[in-house]
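[1] Take this sequence and fold it.
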Amino acid sequence: MTHPADETADPTGQGQTAPGAHSSGLGPRHRSGLTAAEVADRVARGQVNDVPVRSSRSVREIVRANVFTRFNAIIGIMFAIILVVGPIQDGLFGLVIVANTGIGIIQELRAKKTLDSLALIGEARPQVRRDGAARQIAVAEIVLDDTVLLGTGDKVVVDGLVTEADGLEIDESLLTGEPDAVLKHPGDPVMSGSFVVAGAGAFTATKVGRQAYAAQLAEEATRFTLVRSELRSGINSILRFITYLLVPAAIGLIVSQLAVERHDWREAVRRMVAGIVPMVPEGLVLLTSVAFAIGVVRLGRRKCLVQELPAIEGLARVDTVCLDKTGTLTEGGMDVVELRPLAPAPAAADPGSSAPGTAAPGTAAPDESRLRRAPAEPAALRQALGAMGRADARPNPSMRAVIDAYGGPDGEDGWRVLEAVPFSSARKWSGVQFLEPQGTEASWLLGAPDVLLPADHPALGEVDELGAKGLRVLLLGRSPLPLDAPDPAGQLDPLALVVLQQRLREDASATLRYFESQRVEAKVISGDSAVSVGAVASHLGLPGAEHPVDARTLPSGSAELAEVADRTTVFGRVTPQQKRDLVGALQARGRTVAMTGDGVNDVLALKDADIGVAMGSGSEATRAVAQIVLLDDSFATLPSVVAEGRRVIGNIERVANLFLVKTVYSVLLALLVVICHVPYPFLPRHSTVLSSLTIGIPAFFLALAPNNERARTGFVRRVLRLAVPGGVIAGTATFTAYMLARADHATGLKADTSVATLTLFLVAMWVLAMVARPYNWWRLTLIGTMAAAFALVLWVPWLSGFFELSLVGTRDPFVGVGIAVIAGILLEVVWRFIVRRTDAP
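    Numbers count the residues shown, from 1 in each chain. Next comes the predicted model:
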């Protein structure tokens, strides 16, 4: 629509006089914007949009989350007890906790630095009008009464009142849930958090900072939120169960050890601590956080902003990726390759006919000379296209290509703009009403041929032929009806086809092949012609692209839509709401769906998808709702995100087995000790060396290793199926060796403890060897290094003395080794007949 800047004015010209107060917003200043002096005055008063954008947790939150945990509290109490009863070598586990916590804090701070720097790169930079000129500024630099300019795809960053509207349509669905865009007029309010879907305009900021609507929402739910994570929720469930087990087992252990070691309460306390500490899987939570944090840093190096950490995991679980063609498979730019004039339509035989080019009942009859016109002159068509391009305040890529091809200096050809309607994804065309050089008024439309033409029009055959070659085709037509008529295209005279060539991304084909190899189904959902989209997808080698479906033929029923969505690969002429419906239909079929896009027509689908991926050069609205933003617009980055997610999920599952096997055998040993009324087999120093060599150090390397296993659901079930029987086997084998050694009263408690330590180490190493499969050179080196380190502890005199380990004679050590071998065979049976069988499809 025409700019109404001069139609509305506030005679008072008053603005907000105190922070948080409302401004009229419609003073005459909006025509030129604030002056530099007025901006400085508002900054001095604090009337500035000073809400910080949080892309990560604060340093204080990171430190608190890593230090003040339930399990650190337990370990800390145990460490304090050892400091009282001594000796200090039994308190080594406390230093391990300090080191682990420090690593966690450092890695999360690295991730925070990466996130914050990338967030600044991807942050919206709105345009404001100051001193009569438009300029881009940071969101935080907007002040009260600033005139903020809006165009298609822009996000409304502060609250305000509309002062200019040129077909301005704003989607407020993210705030109100209302799916339909709202046509705004001067004086209408706009709320921060909404976004422009069509047209252009401007508004005066009336609420900034924490007074703005979106900022108030952010106070309740900050940007650093966690999407649903099966990994985190599964670990939390396991930890809650362990806590319930730990309390009675610890109490029983305390009572029994004090009863057994009446003559030496210090020894009783040490062995009690040695039994409690291994029950705590303290490193599991730490390594999960570290794995996510390192994933963020790695992806940050590829210019990939992860706005919610578990989104890395989420994309790895995806089995369907819905792609928007424009901006994802193709680059944003286009080139006009041909302007093809159309032959004139024959005169209508029946004057009462309502076919295109004739008057509908109740309307004025069209000019007969126009019905029998000669083919339009290419020069006139180029002039009309150039004038349409100049009338578009915020051209999309198609119009930008038209401007590049036919745009010229404003006003050189005598085309006067009376009214303009910008392109909308819902209506599929844009239009300009001109006073033409010859003095006549007419509306010129540019848009989708299959929307503007009837189904039997002969020009559609040419359109399909061009679309089958992967070309994009727009129809240029002229109508005597004004743009505000109920159907401006009702008497459209088709004049020419504008043929554009899209630039395919060089990395698109390789990325699609990657998803196919990983059994992730790719579907193209586009607003373009189905034939054209199918041709592009076929050129890129996408399976099933040869059978595209026009979304206008999709069924309305949810069950039928889900069936079509499940079996179809390429959809064309999809409206924004249909994109959303298709995502929902796929989810209803049990699929985990990721959606990629760059335009406002993708926002609804991005918001509803399990994982939303936006292009960095896309609209502010898409970047705001997406969990992952590809700042360099590289579609080829997606496989890296999937790989990081699979690394995190697969490796945390591996190390969870190690930690939970330890927890299970520790609880079992505590219960057996209570029942049999014997001293606990280990001192804290023994638990430290066992945990470090069989779990802590190996788990750190395994958690950060490459892992391309496809993510699956059922994390808790898969972990417990090995951890529970594995822990029971390890605990039973250790206690059996311990009790057999105790039967030989000549060896003493130190030798009995040494045999138990040897047996448990061998069984735990067997578990480690199983978890580390499939083997490669570094995994075999890791296992060999841990075994060699334990051998040094046993055979180097000062180390064996420090850890109080001494193998006496040959019978008990060999019995321990034999029991460990039997336990290992049982572990293999469990692995082959329980784990692998439950993995079978």
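
[2] CA atoms for contacts and neighbours, from now on please.
    Noted.

[3] Next, name the residue at the spatial heart of this protein.
    In the chain, the C-alpha nearest the mean C-alpha coordinate belongs to residue 627, at 2.8 Å (CA atoms, centre = their mean).

[4] Now it: phi and psi?
    Main-chain dihedrals, residue 627, degrees, to the nearest 10: phi -80, psi -30.

[5] try residue 484
    Residue torsions, per degrees, to the nearest 10, at residue 484 are phi -90, psi 10.

[6] From residue 755, how far out is it?
    According to CA to CA, to the nearest Å, residue 484 and residue 755 sit 91 Å apart.

[7] what's the burial count for residue 829?
    Neighbours of residue 829 under the rule other CA atoms under 10 Å: 12.

[8] in which helix or strand would I find it?
    Assigning secondary structure by DSSP states H and E places residue 829 in helix 811-830.

[9] Any buried residues in that helix, and which?
    The neighbour-count check on helix 811-830 (16 or more other CA atoms under 10 Å) flags 812-813, 815-817, 819-821, 823-824, 826-828, 830 as buried.

[10] Check which element follows the helix or strand of the chain with the lowest mean pLDDT along the chain.
    The helix or strand of the chain with the lowest confidence, counting by mean pLDDT, DSSP states H and E, is helix 368-371 at a mean of 38. Toward the C-terminal end, the helix or strand that comes next after helix 368-371 (DSSP H and E) is helix 378-391.

[11] Just give the number of residues close to the residue nearest to residue 296 when sequence neighbours are not counted.
    In space, and not counting its chain neighbours, residue 296 is closest to residue 111: 5.8 Å by CA to CA, 6 or more residues apart in numbering. Neighbourhood size, residue 111 [other CA under 10 Å]: 24.

[12] Tell me which helix or strand residue 111 sits in.
    Counting by DSSP H and E, residue 111 is found in helix 92-122.

[13] How many neighbouring residues does residue 240 have?
    Counted with other CA under 10 Å, residue 240 comes out at 11.

[14] my guess is it is in a strand, correct?
    No - Residue 240 sits outside any strand when classified using DSSP: H, G, I helix; E, B strand; the rest coil, being helix.

[15] so how far is residue 266 from it?
    With CA to CA as the criterion, residue 240 and residue 266 are 31 Å apart.

[16] ditto for residue 182
    Counting by CA to CA - residue 182 and residue 266 are separated by 75 Å.

[17] Looking at the two, which is more packed in?
    Counted by other CA under 10 Å, residue 182 and residue 266 do not tie: residue 266 has more neighbours, with 18 against 15.

[18] Not counting sequence-adjacent ones, nearest residue to that one?
    residue 85 (5.8 Å).

[19] Okay, now the sheet partners of the strand or helix carrying residue 148, with direction.
    Secondary structure assignment for residue 148, by DSSP H and E: strand 147-150. Here strand 147-150 is paired, per DSSP bridges, with strand 127-130 (antiparallel), strand 195-207 (antiparallel).

[20] what sits against the closest residue in space to residue 449 that isn't next to it in sequence?
    Excluding the flanking residues, the one nearest residue 449 by CA to CA, 6+ apart is residue 475, at 5.0 Å. Contact analysis of residue 475 by CA atoms under 8 Å, 6 or more residues apart in numbering lists 445, 446, 447, 448, 449, 452, 494, 495, 496, 497, 498.

[21] ok so, going back, more neighbours: which of residue 484 and residue 755?
    residue 755 (30 against 12).

[22] Can you tell me the SS state at the more buried one?
    helix.

[23] Wait, it touches residue 739, no?
    No - Residue 755 lies out of contact with residue 739 (CA atoms under 8 Å); the separation is 9.9 Å.

[24] Run a quick neighbour tally on residue 660.
    Residues near residue 660, counting by other CA under 10 Å, number 26.

[25] so it makes contact with residue 280?
    No - checked against CA under 8 Å, the pair residue 660 and residue 280 is beyond contact range at 9.0 Å.

[26] ok so residue 498 is a strand residue?
    Yes - counting by three-state DSSP, residue 498 falls inside a strand.

[27] What's opposite the residue nearest to residue 148 when sequence neighbours are not counted in the beta bridge?
    Spatial nearest neighbour of residue 148, chain neighbours left out: residue 128 (4.3 Å); criterion: CA to CA, 6+ apart. Going by DSSP bridges, residue 128 is paired in beta bridges with residue 135, residue 148.

[28] and residue 128, what does it touch?
    Contacts of residue 128 by CA under 8 Å, 6+ apart are 33, 134, 135, 136, 137, 146, 147, 148, 149.

[29] any idea how far residue 141 is from it?
    10 Å.

[30] now residue 196
    21 Å.

[31] got any ranges where the stretch 1-150 of the chain has weak pLDDT?
    Residues of the stretch 1-150 of the chain meeting the criterion pLDDT under 70: 1-30, 51-57, 115, 117-124.
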